[in-house]
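> Could you look at this predicted model? Sequence included:
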Amino acid sequence: MKNNLKRIMALITVILIVCFVIATFIIACLDFPNKETVFFSCMIGLIVLPIIGWILMWIFSTITGRKNVASYRTEEMEETMRQADEIRFKKALEEGAAASGEDEE
């Protein structure tokens, strides 16, 4: 249920952004009084809507303790990333050694 709610909210956000883009394009093509005000309002909406979404995700992750895209990196996460890098480095060394051994034969 929670996963569906997140998907619905994400879909609504994408639809709103697409509507802002279409409205901005239409307003740019039309000529009417206060066109500049409406155009800049749409442009601000295009910038502010994703930022507000990111801030809400960050607040949610901070309050609940769950990690998501907007979460900050903790020391634990940094340690995990270091360990993953070490594993990748060791694999690359092993593959390089295996490849050089095959070349000699």
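That came in fine, so what should we check first?

> Looking at the helix or strand in which Ile63 is found now, give me its mean pLDDT.
Assessed by DSSP states H and E, Ile63 sits inside helix 35-64. The average pLDDT within helix 35-64 is 84.

> Buried residues, it. List them.
Across helix 35-64, burial judged by 16 or more other CB atoms under 10 Å covers Phe39, Cys42, Gly45, Gly53, Met57, Ser61. All C-beta atoms are positioned from the backbone trio N, CA, C, and that covers glycine.

> wait, isn't the second one in contact with Phe25?
No - if you go by CB atoms under 8 Å, Cys42 and Phe25 don't touch, sitting 9.1 Å apart.

> still on that earlier bit, in JSON lines: the buried residues of helix 35-64, plus distance to Cys19.
Shown next, in JSON lines, are the buried residues of helix 35-64 (distance: CB to CB, whole Å):
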{"residue": "Phe39", "distance to Cys19": "15"}
{"residue": "Cys42", "distance to Cys19": "9"}
{"residue": "Gly45", "distance to Cys19": "9"}
{"residue": "Gly53", "distance to Cys19": "15"}
{"residue": "Met57", "distance to Cys19": "21"}
{"residue": "Ser61", "distance to Cys19": "27"}
